[in-house]
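Trainee: build me a structure from this.
(chains A and B)
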There are 2 protein chains.
Amino acid sequence: MSASRRSTLADLGEDRVVSALTRRLVLGEDVRVGAGDDCAVIGRARDARWQLLKTDVVVEGVHFLPTDDPRRIGWKALCRALSDIAAMGGVPAHALITLAAPPSTAFDRLQGIYTGLRKAARKFGVSIVGGETSRSPGPLFLNIALTGWVERTRCTLRSGGKAGDVLYVTGRLGGSRAGKHLDFTPRLAEARWLVMHFRPSAMMDLSDGLAADLPRLATASRCGHQIVPEFLPRTAGCTIEQALSDGEDFELLFTLAPRDAVQLERAWKKAFPRLPLTRIGELIQQSAISNQQSPPRGYDHFAKR
Amino acid sequence: MSASRRSTLADLGEDRVVSALTRRLVLGEDVRVGAGDDCAVIGRARDARWQLLKTDVVVEGVHFLPTDDPRRIGWKALCRALSDIAAMGGVPAHALITLAAPPSTAFDRLQGIYTGLRKAARKFGVSIVGGETSRSPGPLFLNIALTGWVERTRCTLRSGGKAGDVLYVTGRLGGSRAGKHLDFTPRLAEARWLVMHFRPSAMMDLSDGLAADLPRLATASRCGHQIVPEFLPRTAGCTIEQALSDGEDFELLFTLAPRDAVQLERAWKKAFPRLPLTRIGELIQQSAISNQQSPPRGYDHFAKR
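Mentor: Have a look, this model is predicted:
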């Protein structure tokens, strides 16, 4: 016990750290979903609409480089959080920006970041309603707090998947490190269309790579999972390994009852002819060992490098 | 122009940086108050309740030291944001925590921070509903995103003060650096009592010191201000200069029509016998030079040190 109390974040890894920290939180009656899904969900059981709450951060040297175009940094920061609103089937509403930067930062760099934030806000209908600035003695740190909403009957969690449900991903996986991570489009339109026309049983966005994120969805749904790696839609030039593990794809991963699969695939092609939708496998009965057989190999924030 | 574009944050100072960044934000119809007050205020003009949104950050080496008790760091982080909900006359509801920490951080330090966060959440009725963790290549960052609500008719902005209104502060000012900044109590109960029983015309919390914050309230109210520095309620052992400039008091600064002043002071003493309420001056007609006569000397995040 005393040894474990001296453990570092690197020793434990991101999932165990988060799970330990959020275990004993006391939640109000209006909290439908707390920590552990893409967004928190707030509302009374019979409200027509529920509120979605999300916070997300990008840190210099981790999520972007000092040399990256500031406008792309701003775009990425807001779009990461928007991707989580999409993952619930929701509509984004209001954002608050926290910016911690060294006093020596050039003002036009911050203006560039705000240009990117404003561009994403305009495109996806978000109002930036305030924020906070602080000095940073280290890297630049840009946190987004975002609200949104979703109809109660359309709200889609990670936990609703059932054995036999088909697993889908949108777009192509891998290659984020080549630059895509600064320019991606959050799948708000696609997720919204999906929840209004179909009933995905579970959904999340892929931020840490399919190898880390799929086990999270499967575990939340108390299922195992089975995918055919060769089926993974890959960004041109990417290996299967990269498609599984690069992270920062910001595509949707969702599950659907098999009886609706053919109809979905047909409708999707008409609605989004330019964005592939790929059946990559299925959820299966959870056996004692199924999810342990494929340990997550995606991005772990605290892993030793 | 080209020279100003190369300016650093230190050259411009916090207020000018924030004002320039937030100038061109496009806001939805449901945004009652955007950037510039203690919280953003969201709702339709006739809604009975409005939502309050706030984000706030504490950074290692700026707002706390590596050697500070982690539980006090967590307490402070949440209570800073709670103080802004208080400043609107509101009730806090849901919090999201962003934590960026080096992988070498001891896990029990994070547990300590969460112990402090949970303690403040329990005491003030907040549900911690999620968050985000990230690696930090530098200091530890702890960002709080907080929602709350306030009745439309009780919502109190910085901008409602009128010339002749009396200026009040709660508690005692100065001395935060001696440790108070880690243990303060956000004035939620007092602010709530105040807006339910009286009609403060303007209110804010004191985070950067009266010398920096009072001009912000006066300017938002299009007034000048006049205080008697000798009247300032000071923490034992503090000079007037410290009471004006230490910052991180997290007391309430508010204004009230002079006709209600006597009644307020009498009622306050009964409701909060142990917390002083002090009349420190008044708002006055704005003259061309009044607010420039006393330049802010409070805490500026980007000031050269």
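Trainee: and A:Ala261, how close does it get to chain B?
Mentor: From A:Ala261 across to chain B, the span is 31 Å (Cβ to the nearest Cβ, to the nearest Å). Where you see a C-beta, it was placed from the backbone N, CA and C, and this is true even at glycine.
Trainee: helix or strand: which one has that residue?
Mentor: helix A:261-271 (DSSP states H and E).
Trainee: mean confidence score for that helix?
Mentor: If you average the pLDDT over helix A:261-271, you get 98.
Trainee: spell out which residues make up each domain of chain A.
Mentor: For chain A, automatic domain parsing gives the domain ranges A:30-154, A:166-292.
Trainee: follow-up on the earlier one: pairing partners for the following helix or strand past the helix holding A:Ala261, with directions?
Mentor: Per DSSP H and E, the first helix or strand lying C-terminal to helix A:261-271 is strand A:277-284. Each strand that pairs with strand A:277-284, with its direction, by DSSP bridges: strand A:166-170 (antiparallel), strand A:224-227 (antiparallel).
Trainee: closest to A:Glu265 out of the ones you listed?
Mentor: strand A:166-170 (8.8 Å; Cβ to Cβ).
Trainee: list the buried residues of whichever helix or strand comes after that closest one.
Mentor: Once strand A:166-170 ends, the next helix or strand along the chain (criterion: DSSP H and E) is helix A:188-197. Of the residues in helix A:188-197, A:188, A:190-195 count as buried by neighbour count, 16 or more other Cβ atoms under 10 Å in any protein chain shown.
Trainee: deepest-packed of the domains of chain A, please.
Mentor: With neighbours taken as mean count of other Cβ atoms under 10 Å in any protein chain shown, the domains of chain A reach their highest mean count in domain A:30-154, at a mean of 22.
Trainee: can you pull out the low-pLDDT segments for the stretch 1-150 of chain A?
Mentor: A:1-5 (pLDDT under 70).
Trainee: wait, what's in contact with the residue of it found nearest chain B?
Mentor: Using Cβ to the nearest Cβ, the closest approach of the stretch 1-150 of chain A to chain B is made by A:Gly138 at 2.2 Å. A:Gly138 makes contact with A:102, B:61, B:136-139, according to Cβ atoms under 8 Å, 6 or more residues apart in numbering or on different chains.
Trainee: reformat those as TSV; add secondary structure and distance to A:Ala95.
Mentor: Supplementary listing: these in TSV, determined by DSSP: H, G, I helix; E, B strand; the rest coil; distance: Cβ to Cβ, whole Å:
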residue	secondary structure	distance to A:Ala95
A:Pro102	coil	23
B:Gly61	coil	27
B:Ser136	coil	22
B:Pro137	coil	25
B:Gly138	coil	24
B:Pro139	coil	24
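Trainee: closest to B:Glu265 among those?
Mentor: Of all the contacts of A:Gly138, the one with the least separation from B:Glu265 (Cβ to Cβ) is B:Gly61, at 41.2 Å.
Trainee: contact partners for that closest one?
Mentor: A:137-138, B:139.
Trainee: coming back round to it: mind putting the strands paired with strand A:277-284 in a markdown table, distance to B:Asp69 included?
Mentor: Converted to a markdown table, the strands paired with strand A:277-284 look like this (distance: least, Cβ to Cβ, whole Å):
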| stretch | distance to B:Asp69 |
| --- | --- |
| strand A:166-170 | 45 |
| strand A:224-227 | 43 |
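Trainee: all strands for the stretch 51-200 of chain A, in order.
Mentor: According to DSSP state E, counting those that start in this stretch, the stretch 51-200 of chain A carries its strands in the segments A:91-101, A:127-135, A:141-151, A:166-170.
Trainee: B:Pro215 is nearest to which of the domains of chain A?
Mentor: Going by Cβ to Cβ, the one of those nearest B:Pro215 is domain A:30-154, 17.7 Å.
Trainee: just the terminal-to-terminal distance for that closest one.
Mentor: By Cα to Cα, to the nearest Å, the extent of domain A:30-154 from end to end equals 18 Å.
Trainee: picking up where we left off before, could you save the domains of chain A as CSV and add columns showing distance to B:Ser159?
Mentor: As requested, the domains of chain A are arranged in CSV below (distance: least, Cβ to Cβ, whole Å):
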stretch, distance to B:Ser159
domain A:30-154, 14
domain A:166-292, 34
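Trainee: hang on, the earlier thing: how about the strands paired with strand A:277-284 in CSV, adding mean pLDDT and distance to A:Ser127?
Mentor: CSV is the format used below for these (pLDDT from 0 to 100; distance: least, Cβ to Cβ, whole Å):
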stretch, mean pLDDT, distance to A:Ser127
strand A:166-170, 98, 27
strand A:224-227, 96, 38
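Trainee: point out where the stretch 151-300 of chain A drops to low pLDDT.
Mentor: For the stretch 151-300 of chain A, the stretches with pLDDT under 70 are A:288-297.
Trainee: try it again at 80.
Mentor: Applying pLDDT under 80 to the stretch 151-300 of chain A flags residues A:177-179, A:287-300.
Trainee: quick check on the residue of the stretch 1-150 of chain A closest to chain B: phi, psi?
Mentor: Note on A:Gly138: backbone dihedrals following degrees, to the nearest 10 are phi -130, psi -130.
Trainee: only alpha carbons, please: show stretch A:199-214 as CSV.
Mentor: Extracted C-alpha coordinates of stretch A:199-214, given in CSV (Å, rounded to 0.1, in the frame of the first residue of the first chain):
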residue,chain,number,x,y,z
ARG,A,199,-30.4,4.4,-33.1
PRO,A,200,-26.7,3.8,-32.5
SER,A,201,-26.5,1.8,-29.3
ALA,A,202,-23.2,3.3,-28.3
MET,A,203,-20.9,5.9,-29.6
MET,A,204,-17.6,7.7,-28.8
ASP,A,205,-15.0,9.7,-30.6
LEU,A,206,-11.6,8.3,-31.3
SER,A,207,-9.0,10.5,-29.6
ASP,A,208,-6.4,8.1,-28.3
GLY,A,209,-6.5,5.6,-31.1
LEU,A,210,-8.8,2.7,-31.8
ALA,A,211,-6.6,0.3,-29.8
ALA,A,212,-7.1,2.3,-26.6
ASP,A,213,-10.7,3.6,-27.3
LEU,A,214,-12.5,0.5,-28.5
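Trainee: contacting residues for A:Leu283?
Mentor: By Cβ under 8 Å, 6+ apart, the contact list for A:Leu283 reads A:161-165, A:167, A:218, A:221, A:223-226, A:255.
Trainee: rerun at 6 Å
Mentor: Going by Cβ atoms under 6 Å, 6 or more residues apart in numbering or on different chains, A:Leu283 touches A:161, A:163, A:165, A:223, A:225, A:255.
Trainee: again, but for A:Thr278
Mentor: The contact partners of A:Thr278, taken as Cβ under 6 Å, 6+ apart, are A:169, A:233.
Trainee: who does it form a beta bridge with?
Mentor: The partner residues for A:Thr278, given DSSP bridges, come to A:Val169.
Trainee: which parts of the stretch 101-250 of chain A sit against chain B?
Mentor: A:103-108, A:114, A:127-139, A:141, A:143, A:145 (Cβ under 6 Å from any Cβ of the partner chain).
Trainee: any idea how far A:Asp246 is from A:Tyr299?
Mentor: A:Tyr299 sits 8 Å away from A:Asp246, going by Cβ to Cβ, to the nearest Å.
Trainee: do the same with A:Val126
Mentor: Separation of A:Val126 from A:Asp246 (Cβ to Cβ): 27 Å.
Trainee: how about A:Gln111?
Mentor: Between A:Gln111 and A:Asp246 the computed distance is 31 Å (Cβ to Cβ).
Trainee: one more: A:Gly209?
Mentor: 6 Å.
Trainee: okay, how far is it across stretch A:195-204, tip to tip?
Mentor: For stretch A:195-204, the end-to-end distance is 13 Å (Cα to Cα).
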